[in-house]
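In: 3D model of this:
(one chain, ligands or ions: 2)
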Amino acid sequence: MSGNTWTAPTATGPLDAEVRVPGSKSITNRAFVLAALSTGPTLVRRPLDSRDARLMQGALAALGGRVEPQGDDVLVSPLAPEGTEPASVVLGNAGTVARFTPALAGLGSRPVLFDGDEAIRRRPIAPLLRALSELGVDIDDDGRGAPPFTVRGRGGIAGGKVELDSSASSQFLSALLLAGPSFESGVTVRLVGDAPPSEPHIAMTLDLLRRFGAAPERSGVEFHVPPAELNCPEYAVEPDLSTAAPFVAAAALAGGTVRIEGWPERTTQPGDWLRSLVVELGQRADLDANGLTVTGTGEIRGARLDLHEVGELTPVVAALLCFADGPSVISGVAHLRGHETDRLAALATELSALGAGVTETDDGLVITPAPMHGGVFRTYEDHRLVMAAAVLGLRVPGVEVENPATVGKTFPGFTAAWQEMLS
Ligand SMILES: O=C(O)C1=C[C@@H](OP(=O)(O)O)[C@@H](O)[C@H](O)C1
Ligand SMILES: C=C(OP(=O)(O)O)C(=O)O
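Out: Ligands and ions are numbered 1, 2, ... in the order given. This next block holds a predicted model:
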C-alpha cells in the first residue's frame, strides 16, 4: 500500500488457497430490518461487519431499535416508541439502507431526515417514494424524488394496493415487501414497466420474510404480503457469494485451486450463478458440504452473458473476460448506471486505459481482449471496482488501485485476504 493506492499483486504460479469471505450484505441488511420489525429480539449470527452493515445498524438505532454486538453476532431488538423529536438516518452510499429504511420511519412518530453521500443523491429512488406516499407515508422531498428527504412518521402505515415500476432497482420492490407485514392492511404490489433486475434478490426477500413468519405470495407480476407478527429468535447469515467472486475469478485466471469456505448448498444469493459461469468459461467448480472448490486452467473462453439477474457481479466478470481467448458481450445491465457509480462507464474507461478493448453499449459492455499494462485504476468509491482491479492485477504487473479502502462497503479486510490467498 502506498499513499492512497494499492499495487494489486500478481500471481506467480497456480493457487492453492482456502478463503473465508464475510457475511452477505444483502442477507445481513434484510435480517437487521426484519429483526427491527419483529415482536422480540433476534440474534443475527455472523452478520457482515462493513460500512453498509454499520450504516444499517445506525439507521435502526436512529429509528428506535437496539443493536448490540455480541462477539461475532449482533442482537437486534425491535423498534420501540421513540418520542417525537426529529431524527436523522445516514445513508452513506448503501442502496439497501436508502431503500429499506424510509418505510420504517413511516411506522414511527417523528420526522426523520434521510441523506448520505453525494452518490446516493443521484441513485434512483423516486418510484419507491411515490409508492410509499400512495400507501400512506408522508414524505417531503421538495418534489425531487431523491435524498435528502424527510419522512414524517404518523405512527403507522395503512398499506394496501400499489403499482410499482421497479425496473431501475429490485430494491424498490424488496423495500415494500419487507415492510409489508407491518402495514395495517399488508401490501399488494403490482409491477408495471420493464421487469426488475436482480431476481435472486427478490427471491431472497421472500425467503427471509418466510423465515421471520410472514406469508408472502407471488403470482407473476403481483406480490401480496398480508399483515403478520414477525419473530425469529436466531438467524444465521451465509457468506457473501458476490464478495467471493474475485476469489473464484482468481482460480480461473491463475490456475490451481481456491476453496471458498461455507458456500451454501442451497441459497437465493445471485453469486451462486458463479458456479455455472466458471464451467461455461472452461473451469471446474465442485460444491460439497464444506464449500466450493474452483479449479482453474488459466485459459478463459469468451462468452455472451446476460447479467440482468446478477448485475452486481458485472465488474469482476468484466475484468476476468479481459483475459479470454476471444471477444465477449455483457448485456442486460443498463441499471448499473444507477449503482455506486455508472459502472458501465467506469469499467469501459478504466479497463480501456490499461489496454483492453472495452466499449459501452446501451445495456452492457463489449470486451475485446488485448495486451494490458500497468497504471492507475480509478475506483469511483465503488467496492466492486477495487475487486475488479485486484483480478486484473493477477496477470498485469503495476495495477495501482486508487482508494482501496472503499472496498470496506462490503469487505474491509479484502486486500489482506487477497494477499493471503496469493502467499
Ligand atoms: O436487494 C439487495 O440486497 C440488492 C439488490 C441489487 O440491487 P439492484 O436491483 O438495484 O441491482 C444488487 O445489485 C445490490 O447489490 C443488492
Ligand atoms: C449495487 C450494490 O450495492 P447497493 O446495496 O448499494 O445497491 C452492490 O453492492 O453492487
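In: and the residue of this structure nearest ligand 2?
Out: Here the chain gets closest to ligand 2 at one residue, residue 95, 2.4 Å apart by C-beta to the nearest ligand atom. To be clear about C-beta, it is placed using only N, CA and C from the backbone, and glycine gets the same treatment.
In: how close does that residue get to residue 188?
Out: Separation of residue 95 from residue 188 (C-beta to C-beta, to the nearest Å): 24 Å.
In: Pick out whichever of these two has more residues nearby.
Out: residue 95 (26 against 18; other C-beta atoms under 10 Å).
In: So the closest residue in space to that one that isn't next to it in sequence: helix, strand or coil?
Out: Nearest in space to residue 95, with sequence neighbours left out and distances taken as C-beta to C-beta, 6 or more residues apart in numbering, is residue 171 at 5.4 Å. Here residue 171 is helix, with the state taken from DSSP: H, G, I helix; E, B strand; the rest coil.
In: show me the contacts for residue 171.
Out: 95, 96, 99, 100, 128, 198, 201 (C-beta atoms under 8 Å, 6 or more residues apart in numbering).
In: pLDDT wise, what is it at?
Out: pLDDT for residue 171: 99.
In: What of residue 2?
Out: 52.
In: same check, this time on residue 349
Out: In this model, residue 349 carries a pLDDT of 98.
In: Hmm, residue 161 is touching residue 186, no?
Out: No: using C-beta atoms under 8 Å, residue 161 makes no contact with residue 186, being 9.9 Å away.
In: higher neighbour count, these two?
Out: More neighbours surround residue 186 than the other of residue 161 and residue 186, with 19 against 14 (other C-beta under 10 Å).
In: ok, the more buried one - contacts?
Out: Contacts of residue 186 (C-beta under 8 Å, 6+ apart): 159, 180, 224, 225, 226, 227, 228.
In: The second one: what secondary structure?
Out: For residue 180, the secondary structure call by three-state DSSP comes out as helix.
In: neighbours around the closest residue to it other than its chain neighbours, how many?
Out: Among residues not flanking residue 180 along the chain, residue 225 sits closest, at 3.2 Å (C-beta to C-beta, 6+ apart). The number of residues packed near residue 225 is 26, by other C-beta under 10 Å.
In: Backbone torsions only: list them for residue 225.
Out: The phi/psi pair for residue 225 (degrees, to the nearest 10) reads phi -130, psi 110.
In: Which residues does it form beta bridges with?
Out: Beta bridges link residue 225 to residue 187 when assigned by DSSP bridges.
In: how about the strands in the stretch 1-150 of the chain?
Out: 5-7, 15-19, 42-45, 66-70, 73-77, 87-90, 111-115, 138-140, 149-152 (DSSP state E, counting those that start in this stretch).
In: Tell me which stretches of this protein form helices.
Out: Here the chain has its helices, by DSSP state H, at 25-36, 51-62, 95-100, 102-107, 118-122, 126-134, 170-179, 199-211, 245-254, 274-280, 314-321, 343-353, 383-395, 414-422.
In: export these to JSON lines and tack on distance to residue 87?
Out: JSON lines is the format used below for those (distance: least, C-beta to C-beta, whole Å):
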{"stretch": "helix 25-36", "distance to residue 87": "14"}
{"stretch": "helix 51-62", "distance to residue 87": "5"}
{"stretch": "helix 95-100", "distance to residue 87": "14"}
{"stretch": "helix 102-107", "distance to residue 87": "8"}
{"stretch": "helix 118-122", "distance to residue 87": "18"}
{"stretch": "helix 126-134", "distance to residue 87": "18"}
{"stretch": "helix 170-179", "distance to residue 87": "18"}
{"stretch": "helix 199-211", "distance to residue 87": "26"}
{"stretch": "helix 245-254", "distance to residue 87": "36"}
{"stretch": "helix 274-280", "distance to residue 87": "40"}
{"stretch": "helix 314-321", "distance to residue 87": "35"}
{"stretch": "helix 343-353", "distance to residue 87": "32"}
{"stretch": "helix 383-395", "distance to residue 87": "28"}
{"stretch": "helix 414-422", "distance to residue 87": "32"}
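In: Looking at the ones you listed, which is nearest to residue 374?
Out: Taking C-beta to C-beta, helix 383-395 is the member of the helices of the chain nearest to residue 374, at 8.6 Å.
In: quick check: angle from the closest one to strand 15-19?
Out: With axes from the mean of the first three to the mean of the last three C-alpha atoms, to 10 degrees applied, the angle from helix 383-395 to strand 15-19 works out at 160 degrees.
In: hang on, the earlier thing: so the residue nearest to residue 180 touches residue 214, yeah?
Out: Yes: using C-beta under 8 Å, residue 225 is in contact with residue 214, at 6.1 Å.
In: can you list residues touching both of those two?
Out: Common neighbours of residue 225 and residue 214 (C-beta under 8 Å, 6+ apart) are 180, 181.
In: Around the closest residue to residue 340 other than its chain neighbours, how many other residues sit close by?
Out: Once flanking residues are discounted, residue 340 sits nearest to residue 382: 4.0 Å by C-beta to C-beta, 6+ apart. Neighbour count of residue 382, defined by other C-beta under 10 Å: 24.
In: so who does the spatially closest residue to residue 223 that is not a sequence neighbour touch?
Out: Leaving aside its chain neighbours, residue 223 sits nearest to residue 189 (4.6 Å; criterion: C-beta to C-beta, 6+ apart). Contacts for residue 189 (C-beta under 8 Å, 6+ apart) come out as 131, 162, 163, 164, 173, 176, 177, 222, 223, 224.
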